[in-house]
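# Sequence and predicted structure are below.
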Amino acid sequence: MPRYFPDELLRRLRNDISWATLLAELAWPHKVREGQLAFLCPRCHECRSAVNPRTNLGRCFRCEINFNPIDFTMIVEDCDFVTAVHYLEPFLSRGRQRPNSR
């Protein structure tokens with residue numbers, strides 16, 4: 001299993017994977033609240049969160065922690081960085097998962 005990854009792959013994993021897809025694939029509790037995707041924080045287990053579609057970061061407002069899809073997968077799956085990257089790679093082959101947000 002490779003331990004080094006091209007910068008472009010890591011950028012795409014952080015920026016192009018849809019949080020809705022990720023949360024559904026992980027079977028992680030989430031909902032749309034006031035038009036914004038929210039999820040149960042894997043650290044504090046509160047649902048005081050949101051996903052910023054421009055940055056593709058999830059944020060827990062209680063913990064004040066930002067998560068990208070790689071970070072989130074590492075916590076939820078209790079795995080290391082390499083394992084999370086390998087888990088997420090197939091998401092990219094499904095085509096662009098989230099629209100460009102500017």
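Nice, thanks for sending it over. Keep in mind that what you see is a predicted model, and the values were worked out from it rather than measured. Residues are numbered from 1 along each chain as shown.

# so where do the helices sit in the chain?
Here the chain has its helices, by DSSP state H, at 7-16, 19-25, 69-76, 81-92.

# deepest of those, which one?
helix 69-76 (a mean of 20; mean count of other Cβ atoms under 10 Å). Bear in mind the C-beta positions are built from the backbone N, C-alpha and C, glycine included.

# For stretch 24-40, which residues meet the burial criterion?
Buried residues in stretch 24-40, counted by 16 or more other Cβ atoms under 10 Å: 26, 30, 37-40.

# what about it, how long is it end to end?
The first and final residues of stretch 24-40 sit 12 Å from each other (Cα to Cα, to the nearest Å).

# cool, stretch 64-77 as well?
Using Cα to Cα, the end-to-end distance of stretch 64-77 comes out at 21 Å.

# picking that back up, of all the helices of the chain, which lies closest to Cys44?
Judged by Cβ to Cβ, the one of those that comes nearest to Cys44 is helix 69-76, at 11.4 Å.

# Could you tell me the angle between the closest one and helix 7-16?
Put simply, helix 69-76 runs at 80 degrees to helix 7-16, going by axes from the mean of the first three to the mean of the last three Cα atoms, to 10 degrees.
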